[in-house]
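> Build me a model:
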Amino acid sequence: MLGSSIQMGVANALSSSAVVDVLDDILFTLGDGADQVLLNRSTVLNANTALTGALIGTPVTPALAANSLIIANATSNGDVLIAGNDGGHSRVAMFFDSSEPNTTLYNVGGTWSAGATTWTIPAVTLGGAVTGNAQTISNANVTVGASRTLDVSAGTLTLAANQISGDKVEGGTINAITITTLSASTINAHALGGTMTLGGNVFAAGADSLQVNTTAASTGFKIVNSYNGAAGVRLDFQSTGRTVPAVNDSVLEILARGNDLAPASKVYSTYLVKIEDATSGAAYGKLEIQLLANNTANTALTLSSAGALWTDASVDTLLYKVSGTQVVGARVVDAKIDDAINAGAWDATTAGVLEACRDALVTHGLVAAA
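Model prediction:
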């Protein structure tokens, strides 16, 4: 059995058949100041426990089982290097920088560096699954190869702004989702496979028009109200941008378009609701209907707030009825309207009344001479 201390100088040597047996818990040291140490720890050593001559100060170490091998650098900030000979040239395999502290592995598909809180690795090909423990991968690009899937079905995929890039997202169903903000984006042609529920929200067309295209006959825009009550469907048109409204401002325009023989699009009729008086608390509106006449919009009918009806056409083309009874029709043409009233058959007062009635009928165009 050897003593507790053996010193060898450069002139000392052991034969190739010699066996050096260092007993349990005996330090095998290198260097004049016992800078490096090897020993067999025969009993359990608790985590972060100093060991005289080997583990110095307040160690940061795991717990060790009995009969564990300890290789330690006892000199302050001394580094550890493990290298091999590659065809006559030393090549490092591992380097531990005590003062950082960092551990770097070399020649393992690149350089792996493990710091006190971070681990830097090169490109790596996994041979199996990587299981996390609620950790985060940050500041990284994740590329999914062909025929591969990024599966987040058991969790949540949370994206920051502008984090989906590329030409399209396709092949699947997006269910039960709420998009709170979709700004500065363009949604190209898309066919809805079901009902879109707005939930009280609006479509904002901006400075352009919202257009609905249909292709079949007698189809267009339809609103179905399923409310079981006296009130029916409501179309609420609002023009709120005008801060100082004026007389004849248009608050509603409904245009009826169609092609002419060119073909070119024409507005054949326009239904307008205009302001007659914009006084606060005493506002009035009026209705106009315009019809295309010789390629020019002609105001054919105006209905004022007081109920006055105006048309630009002569009344001889119209038939007026009250409660189904005709009161005004086509003008009567009869030469007898010009006959003189026989004053001798009537007294002067009656003859005067008859003259006045005939004059009124002629003046208002109800009767005319042949």
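> Which stretches in the chain count as helices?
Taking DSSP state H as the criterion, the chain contains helices spanning 348-363.
> hmm, which helix or strand of it has the shakiest average pLDDT?
Among the helices and strands of the chain, strand 320-322 carries the lowest confidence by mean pLDDT, DSSP states H and E, at a mean of 68.
> Next up, phi/psi of D79, please.
Per-residue torsions, D79: phi -90, psi 170 (degrees, to the nearest 10).
> for it, what are its contacts?
Taking Cβ atoms under 8 Å, 6 or more residues apart in numbering as the criterion, D79 is in contact with N73, F95, F96, D97, S98, S99. Every C-beta, even on glycine, is put in place using the N, C-alpha and C of the backbone.
> So which of these belong to strands?
N73, F95, F96, D97 (DSSP state E).
> Need the max-distance pair from the residues you listed.
When the ones in strands among the contacts of D79 are compared pair by pair using Cβ to Cβ, the farthest-apart members prove to be N73 and F95, with a separation of 12.4 Å.
> hey, what's V267 bridged with?
In this entry, V267 is beta-bridged to R257, by DSSP bridges.
> Surely it and T296 touch.
No - with contact taken as Cβ atoms under 8 Å, V267 and T296 are classed as non-touching, separated by 10.7 Å.
> Could you chop this protein up by domain?
The chain is divided into the following domains under automatic domain parsing: 1-76, 83-120, 250-313, 320-368.
> Using a markdown table, please lay out these together with distance to V202 and mean neighbour count.
Below are these laid out as a markdown table (distance: least, Cβ to Cβ, whole Å; neighbours: other Cβ atoms under 10 Å):
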| stretch | distance to V202 | mean neighbour count |
| --- | --- | --- |
| domain 1-76 | 61 | 12 |
| domain 83-120 | 49 | 12 |
| domain 250-313 | 18 | 12 |
| domain 320-368 | 45 | 11 |
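> Dump these into TSV; add distance to T215 as well.
Compiled in TSV, these are given as follows (distance: least, Cβ to Cβ, whole Å):
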stretch	distance to T215
domain 1-76	74
domain 83-120	60
domain 250-313	16
domain 320-368	42
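> got any ranges where the stretch 251-370 of the chain has weak pLDDT?
Under the criterion pLDDT under 70, the flagged ranges of the stretch 251-370 of the chain are 313-322, 324, 326, 329, 370.
> mind listing the strands for it?
In chain order, the stretch 251-370 of the chain shows strands spanning 265-277, 284-293, 296-303, 309-311, 320-322, 325-328, 332-333, 367-368, with DSSP state E, counting those that start in this stretch as the criterion.
> Take the ones you listed and lay them out in TSV including distance to V19.
As requested, these are exported to TSV (distance: least, Cβ to Cβ, whole Å):
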stretch	distance to V19
strand 265-277	106
strand 284-293	115
strand 296-303	116
strand 309-311	127
strand 320-322	133
strand 325-328	137
strand 332-333	147
strand 367-368	147
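> Nearest to G206 among the ones in strands among the contacts of D79?
The closest of the ones in strands among the contacts of D79 to G206 turns out to be D97 (Cβ to Cβ; 60.1 Å).
> contacting residues around that closest one?
By Cβ under 8 Å, 6+ apart, the contact set of D97 is D79, T103, T104.
> next one: V244
When contacts are counted by Cβ under 8 Å, 6+ apart, V244 is found next to no other residue.
> Can you give me the pLDDT of it?
V244 is assigned a pLDDT of 93 by the prediction.
> do I137 as well
At I137 the predicted local distance difference test score is 80.
> ok, now how distant is it from A205?
Separation of I137 from A205 (Cβ to Cβ, to the nearest Å): 41 Å.
> What of S304?
In this structure, S304 and A205 are 33 Å apart, going by Cβ to Cβ.
> And for N46?
Distance, N46 to A205, using Cβ to Cβ: 72 Å.
> Equivalent analysis for V224, please.
Relative to A205, V224 is positioned 22 Å away (Cβ to Cβ).
> ok, now Y284?
Following Cβ to Cβ, the distance that separates Y284 from A205 is 30 Å.
> try S239
Summarising the geometry, the distance separating S239 from A205, computed by Cβ to Cβ, is 15 Å.
> Look at the two and report which has more neighbours.
Summary of the neighbour comparison: S239 and A205, criterion other Cβ atoms under 10 Å, with S239 having more neighbours (13 against 9).
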